[in-house]
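Asker: next input, structure requested:
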Amino acid sequence: MPLTPTHALPYPLPSDPANVPADMQLLAEATDRELEELVTSGSLTQSQLNNLIASKGQPNGIASLGANGKVPAAQLGPQLPTTANEGEIVTWRAAGGGWVAEVRPAPAIPLSIVDAKGDVIVATANDTPARLPVGTDGQVLTADAASASGLKWGAVPPSGIPPAILDAKGDLIVASAPDTAARLGIGADGLALVADSASPLGLKWATVSGGGGGGGIPPEILDAKGDLIVAAAADTPARLAVGPNGQILIADTASPAGVKWGPAPAGIDYEGPWAAGTAYTPGDVVNHNGVEYLAVNPSTGQEPPEASGGGGAVAVSVRVIRAAVLAIGAGTTVVIPFDTEQFDAENMWLAGTPTRLTVPSGGSGIWLVGAHSAFTATAAGDMTGFLRKNGSTIAVGASNSTGTANVSNTNVQTVIDAVAGDYFEFVIQNVSAAGRNTSTTVPPTIYAVKLA
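Answerer: Numbers count the residues shown, from 1 in each chain. Model (predicted):
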C-alpha cells in the first residue's frame with residue numbers, strides 16, 4: 001500500500017485487492033499518530049482539530065464507521081464490477097474527478113488470420129499464432145520440427161510390408177526376426193516347405209520322403225475302379241486290382257499281398273443285386289441298398305431286410321447306448337443323446353443327430369421299439385421313460401423307485417408302424433426331489449427291430 005509524500009499516510013490504490021476494514025485501520029492509526037504529534041507540538045489548534053473531527057463522514061473528510069464496524073458503502077470509492085466473466089479484463093480510468101471501472105474481453109486471435117477454407121491456426125512461437133494453409137486432398141498433418149509452425153501437410157507415411165520385397169512369382173514373405181519381414185524365394189518343382197530352425201528364415205524348401213503329403217500313401221497307387229490298397233509287408237502298401245464279378249476276397253498267404261480274388265466256396269453263390277422275381281435258395285448272396293445279404297431260407301419276392309423268421313435275409317436291427325454319465329436335474333425332462341453303437345447295419349443312428357433312430361430307405365413297415373435305463377440312488381421319486389416317434393409320445397414306460405437306498409429304473413417297449421424318415425427317441429422325466437445320474441452298469445439304451 002503506498003504512503004502520502006508529506007505525512008506518510010497509507011492509502012489503497014484502485015488496483016489493490018479490496019480489504020476495507022484493514023485499510024481503514026491502517027489509515028486511522030496513521031492519522032491518529034499525526035494528529036497527536038500536531039496537537040503536542042502546537043502545530044494543530046484545538047479549533048482545527050474540531051473541524052477535522054466534524055468532517056467525519058463528509059465529502060473530502062474522514063470516513064466514519066457504521067454500526068457493524070465497517071465504512072459505509074456510500075463513503076467508499078468505486079468498486080470492482082460484479083458482472084465480469086472469467087477471462088475478461090477489468091481496468092480503472094480517471095473520470096470526473098474519480099475512477100471508473102471498465103470491463104474488456106480478453107485479447108483474441110483476429111479472424112483476419114485465416115484466409116481460406118481449411119486454414120489451420122498454429123503457434124510459431126510462444127503467444128504467437130500463425131496461419132497454416134490447408135494441404136492438398138489426401139495429405140495428412142504431420143509433426144515437422146524444421147517447419148516454421150512445427151507442422152506440415154504431406155503424403156500418408158507408408159505402413160505395412162512394402163510390395164518391393166517380392167521379386168518373382170512364388171516368393172514368400174516370412175519373418176527373419178520379430179517385426180522383420182524377409183523374402184523366401186520359390187523352391188524347385190516338387191519341393192515342400194518345411195520348418196528348419198537352422199535356416200535364417202526358419203523355413204526352407206526341401207524334398208519330403210514318402211510323397212503323398214507327409215509320408216502318407218500316394219493316391220497314384222490306385223489305377224482303376226475297385227482297386228484295393230493292401231499291405232505287401234510292414235509299412236509297404238501295394239495295389240490289388242479288382243477281381244471278376246462274383247468273386248470274393250480270400251486270404252492267401254502264398255499271394256504277394258496276402259489276399260486274392262477267387263470263386264466263392266461251395267455252397268455260397270453271389271447273385272448280384274436283389275430282384276423281386278428271382279427265387280433265392282440258402283447260400284445265395286445278394287446286394288440290396290449297398291448291403292450284402294445271405295439267404296438262410298428259400299424265398300421269392302421277399303425284399304431284404306424286411307423278411308423275418310422263416311423268410312430269407314436277416315431283419316434290420318439297431319441298438320445304441322449312452323456310455324457317458326448324464327445328469328438329469330430334479331423336475332426336468334431330457335431327450336437322451338446316445339454316444340455308442342452296439343450294432344447298426346443300416347446307419348439308423350448318426351452322431352450328428354445323437355438322440356434319434358431314423359427309419360432307413362426301404363424300411364417302411366412294422367417295428368418293435370424299446371428303451372430302458374437305470375439311475376443312481378439320491379432321493380425317493382420316480383424316473384419315467386417315454387418313447388417318441390417324430391417328437392410325439394407313443395409309449396410311456398413303467399418306473400421303479402424304492403427310496404434313496406436303491407437305484408431307480410424305467411423300461412418301455414411298443415410295436416408301431418413307421419415309414420422311411422420317421423425317427424424314434426427315448427425321453428426321461430425326473431419327478432424326484434433331487435437330481436439323478438444315469439447308470440454306467442445299466443446305461444440308457446434304445447433299440448429297434450423291423451418285424452415286417
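Asker: immediately after the lowest-mean-pLDDT helix or strand in the chain, which helix or strand?
Answerer: Per-element confidence for the chain was summarised using mean pLDDT, DSSP states H and E. The lowest value among helices and strands belongs to strand 398-400, with a mean of 62. Tracing the chain C-terminally past strand 398-400 and defining elements by DSSP states H and E, one meets strand 408-418 next.
Asker: list the strands paired with that next one, with their directions.
Answerer: If you go by DSSP bridges, strand 408-418 pairs up with strand 365-375 (antiparallel), strand 398-400 (antiparallel).
Asker: now the helix or strand following that strand against strand 408-418, angle please.
Answerer: Beyond strand 408-418 in the direction of the C-terminus, DSSP H and E gives the next helix or strand as strand 423-430. Orientation of strand 423-430 against strand 408-418 (axes from the mean of the first three to the mean of the last three CA atoms, to 10 degrees) gives an angle of 160 degrees.
Asker: can you give me the mean pLDDT across strand 423-430?
Answerer: pLDDT averaged over strand 423-430 equals 93, rounded to a whole number.
Asker: show me what it is in contact with.
Answerer: Outside strand 423-430, the residues within contact range by CB atoms under 8 Å, 6 or more residues apart in numbering are 328-336, 353, 355-359, 367, 369, 371, 373, 381, 383-391, 393, 410, 412, 418, 436, 438, 444, 446, 448. To be clear about C-beta, it is placed using only N, CA and C from the backbone, and glycine gets the same treatment.
Asker: can you dump the C-alpha atoms of that strand in PDB for me?
Answerer: Taking only C-alpha atoms (Å, rounded to 0.1, in the frame of the first residue of the first chain), the coordinates of strand 423-430 have been written out as PDB:
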ATOM      1  CA  TYR A 423     -37.400 -91.300 -36.100                       C
ATOM      2  CA  PHE A 424     -37.700 -92.700 -32.500                       C
ATOM      3  CA  GLU A 425     -36.400 -91.100 -29.300                       C
ATOM      4  CA  PHE A 426     -36.000 -92.100 -25.600                       C
ATOM      5  CA  VAL A 427     -37.200 -89.400 -23.100                       C
ATOM      6  CA  ILE A 428     -36.600 -89.400 -19.300                       C
ATOM      7  CA  GLN A 429     -38.600 -87.400 -16.800                       C
ATOM      8  CA  ASN A 430     -37.200 -86.900 -13.300                       C
END
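Asker: domains for the chain, by residue range?
Answerer: Dividing the chain into domains by automatic domain parsing, as the record does, gives the ranges 1-77, 111-149, 222-262, 317-450.
Asker: which among the strands paired with strand 408-418 is found nearest to residue 294?
Answerer: strand 365-375 (20.7 Å; CB to CB).
Asker: in the closest one, which residues are buried?
Answerer: Going by neighbour count (16 or more other CB atoms under 10 Å), the buried part of strand 365-375 is 365, 367, 369, 370, 371, 372, 373, 374, 375.
Asker: on that earlier part again, the strands paired with strand 408-418 into JSON lines, with extra columns for distance to residue 284?
Answerer: Converted to JSON lines, the strands paired with strand 408-418 look like this (distance: least, CB to CB, whole Å):
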{"stretch": "strand 365-375", "distance to residue 284": "22"}
{"stretch": "strand 398-400", "distance to residue 284": "44"}
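Asker: hang on, the earlier thing: out of the domains of the chain, nearest to residue 274?
Answerer: domain 317-450 (10.4 Å).
Asker: start to end distance for that closest one?
Answerer: Domain 317-450 has its terminal residues 6 Å apart, counting by CA to CA, to the nearest Å.
Asker: give the other helices and strands that the lengthiest helix in the chain contacts.
Answerer: Criterion DSSP state H: the longest helix present in the chain is helix 20-41. Under the contact definition 3 or more CB pairs under 8 Å, 6 or more residues apart in numbering; DSSP states H and E, helix 20-41 sits against helix 46-54.
Asker: neighbouring strands for the strand or helix carrying residue 285, and are they parallel or not?
Answerer: When elements are assigned from DSSP H and E, residue 285 belongs to strand 284-288. Taking DSSP bridges as the criterion, strand 284-288 pairs within the sheet with strand 269-273 (parallel), strand 291-294 (antiparallel).
Asker: and the shortest one, average pLDDT?
Answerer: The reference is to strand 291-294. Strand 291-294 shows a mean pLDDT of 72.
Asker: in that strand, what counts as buried?
Answerer: Going by neighbour count (16+ other CB under 10 Å), the buried part of strand 291-294 is 291, 293.
Asker: now do that strand: distance to the chain's middle.
Answerer: 51 Å (CA atoms, centre = their mean, to the nearest Å).
Asker: can I get it in PDB, CA atoms only?
Answerer: The C-alpha coordinates for strand 291-294 follow below in PDB (Å, rounded to 0.1, in the frame of the first residue of the first chain):
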ATOM      1  CA  VAL A 291     -25.600-104.100 -48.100                       C
ATOM      2  CA  GLU A 292     -24.800-107.700 -48.700                       C
ATOM      3  CA  TYR A 293     -27.400-110.300 -47.500                       C
ATOM      4  CA  LEU A 294     -27.100-114.100 -47.200                       C
END
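Asker: tell me which helix or strand comes right after it.
Answerer: Using DSSP H and E, the helix or strand that follows strand 291-294 towards the C-terminus is strand 299-300.
Asker: next structured bit after that next one?
Answerer: Following strand 299-300 in sequence order, the next helix or strand is strand 317-321 (DSSP H and E).
Asker: direction included, what does that following strand pair against?
Answerer: Strands flanking strand 317-321 in the sheet, each with its direction: strand 340-344 (antiparallel), strand 445-450 (antiparallel) (DSSP bridges).
Asker: helix, strand or coil: sort out residue 130 for me.
Answerer: Put simply, residue 130 is strand when judged by DSSP: H, G, I helix; E, B strand; the rest coil.
Asker: contacts for stretch 36-50?
Answerer: For stretch 36-50, using CB under 8 Å, 6+ apart, the contacting residues are residue 35.
Asker: 10 Å instead?
Answerer: Applying CB atoms under 10 Å, 6 or more residues apart in numbering, the contact partners of stretch 36-50 are 7, 34, 35, 51, 52.
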